[in-house]
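1. only the shape, not the letters, is given here:
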């Protein structure tokens, strides 16, 4: 049986410490803040990021350099026979496509998974990969299974402020100003590919109700017959107190499901701002 290394990036929400605990390798995502280079969870903590964001620093996302990615792969291939690399969704970044191109140089020893995940849904993919590896699957088989089940997840997000959607060009300045006056809260969704609009409601309570109903609908319709394989997720940006309240609301609504929680990756946070809340539902792989 091949010895297989599992690699992901920090967009999964898996910290360096969690990676060590799980036995996986986490590539830190790079950021430029006022033209200075930082790496998530290495030289840039969640607290420092939100402080810079609050100071209106110029923040831009980047992607791991090809050299850094290949250096890690080559180091791992001295110890392992194969690598399964699980980057963030190709619909949200070119990181995945670039990794696929780099993997062509490794004669099938590096399998890059394009399974359209981000945050806690990507974290679940990593955990699924570990289960599949321990069940004796090859790197190629793990890739094929994860990609086959890539749409077996759903994410809903609401934002606290429209400032960052306006800054990123997702809404106009006029729409942001009107939305702020009317206390409009957009509910966004990620359905396997990119971030899209789902609904628009007035106030946070209504946004939360909308997200809970959306997940309930997905469980009853989209995941019908798979209820015993589902895991829910809660993710947030910055506000831990609000996140804890949201977690308790989810647990009260869906007490029968396991719930994992983590901060949203900084790559997402810089586009939606602090105070955002998300709920996810993901089907675990079955052997």
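-> Good, I have the coordinates. Since the structure is predicted, the reported quantities are computational estimates derived from the model, not experimental observations. Numbers count the residues shown, from 1 in each chain.
2. could you pull up the residues touching residue 25?
-> 5, 6, 7, 8, 19, 72, 76 (Cβ atoms under 8 Å, 6 or more residues apart in numbering). Glycine gets a C-beta too; all of them are placed from N, C-alpha and C.
3. again, only using 6 Å
-> residue 7 (Cβ atoms under 6 Å, 6 or more residues apart in numbering).
4. separation between it and residue 263?
-> From residue 25 across to residue 263, the span is 20 Å (Cβ to Cβ, to the nearest Å).
5. residues in contact with stretch 59-68?
-> With Cβ under 6 Å, 6+ apart, stretch 59-68 has contacts from 27, 30, 32, 33, 95, 102, 267, 270.
6. and the gap between the last one and residue 39?
-> When distances are taken as Cβ to Cβ, residue 270 and residue 39 turn out to be 14 Å apart.
7. could you flag which of the contacts of stretch 59-68 are buried?
-> Neighbour-count burial (16 or more other Cβ atoms under 10 Å) is assigned, among the contacts of stretch 59-68, to 27, 30, 33, 95, 102, 267, 270.
8. for the helix or strand the fifth one falls within, packing partners?
-> Take DSSP states H and E as the rule and residue 102 turns out to sit in helix 95-103. Contacting helix 95-103 under the criterion 3 or more Cβ pairs under 6 Å, 6 or more residues apart in numbering; DSSP states H and E are the following elements: strand 110-112.
9. and the strand it packs on, which strands flank it?
-> Here strand 110-112 is paired, per DSSP bridges, with strand 82-86 (parallel).
10. so the partner strand versus helix 95-103, what angle?
-> Angle, strand 82-86 to helix 95-103, by axes from the mean of the first three to the mean of the last three Cα atoms, to 10 degrees: 160 degrees.
11. gap between strand 82-86 and the chain center?
-> Strand 82-86 sits 17 Å away from the centroid of its parent chain (Cα atoms, centre = their mean, to the nearest Å).
12. what does it contact?
-> Looking at what lies outside strand 82-86 - Cβ under 6 Å, 6+ apart - the contacts are 2, 4-8, 73, 76, 99, 109-113, 125-126, 129, 139, 142.
13. am I right that residue 235 sits in a strand?
-> Yes: per DSSP: H, G, I helix; E, B strand; the rest coil, residue 235 lies within a strand segment.
14. what's the neighbour count on it?
-> By other Cβ atoms under 10 Å, the residues close to residue 235 number 27.
15. now the residue nearest to residue 161 when sequence neighbours are not counted: phi and psi?
-> Leaving aside its sequence neighbours, residue 161 sits nearest to residue 273 (Cβ to Cβ, 6 or more residues apart in numbering; 5.1 Å). Note on residue 273: backbone dihedrals following degrees, to the nearest 10 are phi 90, psi 170.
16. with residue 283 instead?
-> For residue 283, the backbone dihedrals (degrees, to the nearest 10) come out as phi -90, psi 130.
17. bridged to it, which residues?
-> If you apply DSSP bridges, the partners that residue 283 bridges to are residue 230.
18. stretch 4-12: how far from the chain's middle?
-> The chain centroid and the centroid of stretch 4-12 are separated by 12 Å under Cα atoms, centre = their mean.
19. what about residue 115, neighbour count?
-> Neighbours of residue 115 (other Cβ under 10 Å): 25.
20. separation between it and residue 28?
-> Applying Cβ to Cβ to residue 115 and residue 28 gives a distance of 21 Å.
21. check residue 226 too.
-> Using Cβ to Cβ, one obtains 34 Å as the distance from residue 226 to residue 28.
22. now swap in residue 37 and tell me
-> Residue 37 is 11 Å from residue 28, by Cβ to Cβ.
23. so between those two, which is more surrounded?
-> The neighbour comparison of residue 37 against residue 28 (other Cβ under 10 Å) goes to residue 28, with 19 against 11.
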